[in-house]
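Peer 1: The following block contains a protein sequence and its predicted model.
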Amino acid sequence: MMKNGTLTPQWPAANPAGSAAIEVAQLVKLYKTTRAVDGVSFRIAPGSITGLLGGNGAGKTTTIAMIMGLVLPTSGRIQVLGCSMPEQSAEVLGRMNFESPYVDMPMRLTVRQNLTIFGRLYAVPNLRERIAKLAADLDLGDFLDRANGKLSAGQKTRVALAKALINQPELLLLDEPTASLDPDTADWIRRHLETYRKVHGATILLASHNMLEVERLCDRVIIMKRGRIEDDDTPDRIMARYNRTTMEEVFLDVARGRIKEGAS
Amino acid sequence: MSELVLPGGIAPHRINAMILRYWYLLISSWPRLLELIYWPALQIITWGFLQTYISQNAGFFAQAGGILIGAVILWDILFRGQLGFSISFLEEMWARNLGNLMMSPLTPIEFLIALMVMSLIRLAIGVIPMTLLAMIFFDFNIYGIGLPLVAFFCNLIFTSWSLGIFVSGLVLRNGLGAESIVWTLMFGVMPLACIYYPVTVLPHWLQYVAWALPPTYVFEGMRSLLIGHVFRADLMIDALLINVVLLIASFAIFLALLRSARRHGSLIQSGE
């Protein structure tokens, strides 16, 4: 187990026996002189939900972007669903998907048109039925033929999630999936993600600032600070290690450098 | 469902998906459609009247009927071809949709092919009415040129795609701060491509630069056809060879800029 961001094992033993959905080894991303990600290693078990936590600038988005192949690492290795990224991205991109507040769906197109286009890009079989299923699951029916730009924030998030699920991905990468949503919609999205994981056995990696979300959804939490992994364990064990009852308190301890005595 | 995949991993269904995306966008906004027709129509009317005036007062232009109007139409193929390509690309930047596309199975070559097809569709919407106006109001039938028109068109559209690919790469790498290059680059080509005058008008040293540009061959070829009634196939072949080099170079540069954008994290910050 690592402490104070000084130790990063080659392959953290989340699932040492089985194959990992994501394997990241000694990942480094340098932007000129800034080390956005600094020697990060982790291994994520298939079918798990892992939370990537950290304050602004901790390196969460950059780490996820490198896993997706949107950003090239300065050094280190990434394997996604058994394929090296970005070299073998063509073999794996159709089996994964993502949602992020840093990208939008085209605003002038209707929800149905957007889902049709992404469905075709991912070669989704029986696309009409798939869109109808997603519309029912994510309650999109009332605005399926409305332009994306005319939707509320909550509706847009549901549409973005529908796009992320269009190809029934084995791996789902989510960057702040419930940011700027009201508690009801956010809860609704979380429930859907839990169900999706259960039904499809999908692996989910999510970056979040919402500690309640992390406690509720995640089997495992990776806490990042200044580009490094500060801690990595189940939410319960992390809270116990920091002598805290909520992840929010742990987050504040880490963010403000108040590492607990008993932490090991 | 197993979809057709061509050699090189090119999947037509992904190209079709992107064409559908731009088609939906085009038909969702009547001002966009109108804008496609408005400027070419305005161009042909202005230059058509100028041509009429000049031919009434100058013997050379009276003999070389349609030389200005023909040049305007061919220039518009070059200019609108590049704009049609680049604007479709810019739509992704404006919509902040590039991350979604780059994270999908869509490959760069499929993306570029879809942009090329869209440039043809946008060009047809703008230029066909323009040629009809030239026919109706100024008695100039560009289709009367016959097969040489195909050679002119192909060479011009290839150049427009090369420039479109190049500037799209620049915008991809540098963000929307580089957007103005999309609108202005072709005007830099304009004086050197010798659209309205022969290459011999240029200073001797500048003629070498002009002959490095495929459109120069097309406009020289057009003048040769309209004035001397001779089709210069040699000029078209030379232009085609340069176009092949330009297309390969622009594609290589696009890939290099895409890689650079990935290295610098530009794809997740596709603003200004």
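Peer 2: Good, I have the coordinates.

Peer 1: Pretty sure residue A:43 sits in a strand.
Peer 2: Yes: when DSSP: H, G, I helix; E, B strand; the rest coil is applied, residue A:43 is found to be in a strand.

Peer 1: residues near it, how many?
Peer 2: 23 (other C-beta atoms under 10 Å in any protein chain shown). Placement of C-beta: from N, CA and C, glycine included.

Peer 1: And it, how close does it get to residue A:170?
Peer 2: Distance check for residue A:43 against residue A:170: by C-beta to C-beta, to the nearest Å, it reads 16 Å.

Peer 1: likewise residue B:120?
Peer 2: Distance from residue B:120 to residue A:170, by C-beta to C-beta: 38 Å.

Peer 1: These two: who's more crowded?
Peer 2: Neighbour tally, residue B:120 and residue A:170, criterion other C-beta under 10 Å: the higher count belongs to residue A:170, 19 against 14.

Peer 1: Does anything pack onto whichever helix or strand residue A:61 is part of? Which helices or strands?
Peer 2: Residue A:61 belongs to helix A:60-68 when assigned by DSSP states H and E. Helix A:60-68 is packed against strand A:22-31, strand A:34-44, strand A:49-53, strand A:75-80, strand A:83-85, strand A:96-99, strand A:171-175, strand A:203-208, with contacts defined by 3 or more C-beta pairs under 8 Å, 6 or more residues apart in numbering or on different chains; DSSP states H and E.

Peer 1: could these go into CSV alongside distance to residue B:201 and mean pLDDT?
Peer 2: As requested, the helices and strands packed on helix A:60-68 are exported to CSV (distance: least, C-beta to C-beta, whole Å; pLDDT from 0 to 100):
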stretch, distance to residue B:201, mean pLDDT
strand A:22-31, 50, 94
strand A:34-44, 53, 93
strand A:49-53, 64, 94
strand A:75-80, 56, 95
strand A:83-85, 55, 92
strand A:96-99, 56, 94
strand A:171-175, 57, 93
strand A:203-208, 61, 93
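
Peer 1: between those strands, which one is nearest to residue B:113?
Peer 2: When those are compared by C-beta to C-beta, strand A:96-99 sits nearest residue B:113, at 23.3 Å.

Peer 1: Could you list the paired strands of the closest one along with their orientation?
Peer 2: Applying DSSP bridges, strand A:96-99 is found paired with strand A:171-175 (parallel).

Peer 1: now the next helix-or-strand element following the partner strand and strand A:203-208, what's the angle there?
Peer 2: Following strand A:171-175 in sequence order, the next helix or strand is helix A:183-200 (DSSP H and E). Taking axes from the mean of the first three to the mean of the last three C-alpha atoms, to 10 degrees, one finds helix A:183-200 and strand A:203-208 inclined to each other by 160 degrees.

Peer 1: Rounded mean pLDDT for helix A:183-200, please.
Peer 2: Helix A:183-200 shows a mean pLDDT of 88.

Peer 1: Identify the residues contacting it?
Peer 2: A:47, A:49, A:137-138, A:154, A:157-158, A:161, A:165, A:168, A:170, A:172, A:174, A:177-178, A:181, A:202, A:204, A:210, A:213, A:216-217 (C-beta atoms under 8 Å, 6 or more residues apart in numbering or on different chains).

Peer 1: How about stretch A:90-99?
Peer 2: Contacts of stretch A:90-99 (C-beta under 8 Å, 6+ apart): A:64, A:68-69, A:80-83, A:85, A:122-123, A:157, A:160-161, A:163-167, A:169-175, A:177, B:9, B:103-105, B:107.

Peer 1: middle-most residue in the chain, spatially?
Peer 2: Defaulting to chain A. residue A:206 (2.3 Å; C-alpha atoms, centre = their mean).

Peer 1: sorry, should have said chain B
Peer 2: Closest-to-mean residue, chain B, C-alpha atoms, centre = their mean: residue B:81 / 2.4 Å.

Peer 1: so where's the chain uncertain?
Peer 2: Defaulting to chain A. A:1-18, A:258-264 (pLDDT under 70).

Peer 1: Not quite, go with chain B.
Peer 2: Using pLDDT under 70, chain B drops low at B:1-2, B:58-65, B:270-272.

Peer 1: rewinding a little: name the residues that touch the helix holding residue A:61?
Peer 2: A:22, A:24, A:27, A:29, A:36-37, A:40, A:52-54, A:71-73, A:78, A:80, A:85, A:96, A:98, A:100, A:102, A:173, A:175, A:205, A:207, A:224, A:227, B:103, B:265, B:267-268.

Peer 1: Helix or strand: which one has the closest residue to residue B:98 other than its chain neighbours?
Peer 2: Among residues not flanking residue B:98 along the chain, residue B:92 sits closest, at 4.8 Å (C-beta to C-beta, 6 or more residues apart in numbering or on different chains). Using DSSP H and E, residue B:92 sits within helix B:67-94.

Peer 1: you'd agree residue A:73 is up against residue A:28?
Peer 2: Yes: counting by C-beta atoms under 8 Å, residue A:73 does reach residue A:28; the two are 6.4 Å apart.

Peer 1: Compare those two (neighbour count), which wins?
Peer 2: Remark: of residue A:73 and residue A:28, residue A:73 carries more neighbours, 24 against 16, as counted by other C-beta under 10 Å.

Peer 1: ok so that one is a helix residue?
Peer 2: No: Residue A:73 is assigned coil when assessed by three-state DSSP, not a helix.

Peer 1: Run a quick neighbour tally on residue A:167.
Peer 2: Residue A:167, neighbours per other C-beta under 10 Å, totals 22.

Peer 1: Ok, residue B:150 next?
Peer 2: Using other C-beta under 10 Å: residue B:150 sits among 11 other residues.

Peer 1: so what's it up against?
Peer 2: Per C-beta under 8 Å, 6+ apart, neighbours of residue B:150: none.

Peer 1: Give me the nearest residue to the residue nearest to the centre of chain A, chain neighbours excluded.
Peer 2: Per C-beta to C-beta, 6+ apart, closest to residue A:206 is residue A:174, 4.0 Å.

Peer 1: quick one: residue A:52 from residue A:114, how far?
Peer 2: Between residue A:52 and residue A:114 the computed distance is 27 Å (C-beta to C-beta).

Peer 1: Kindly report the same for residue A:215.
Peer 2: 32 Å.

Peer 1: Return the residues of chain A in contact with chain B.
Peer 2: A:29, A:31, A:36, A:61-62, A:65, A:68-72, A:86, A:90, A:93-94, A:97-98, A:100, A:102-109, A:113, A:116-118, A:120-126, A:147, A:163 (C-beta under 8 Å from any C-beta of the partner chain).
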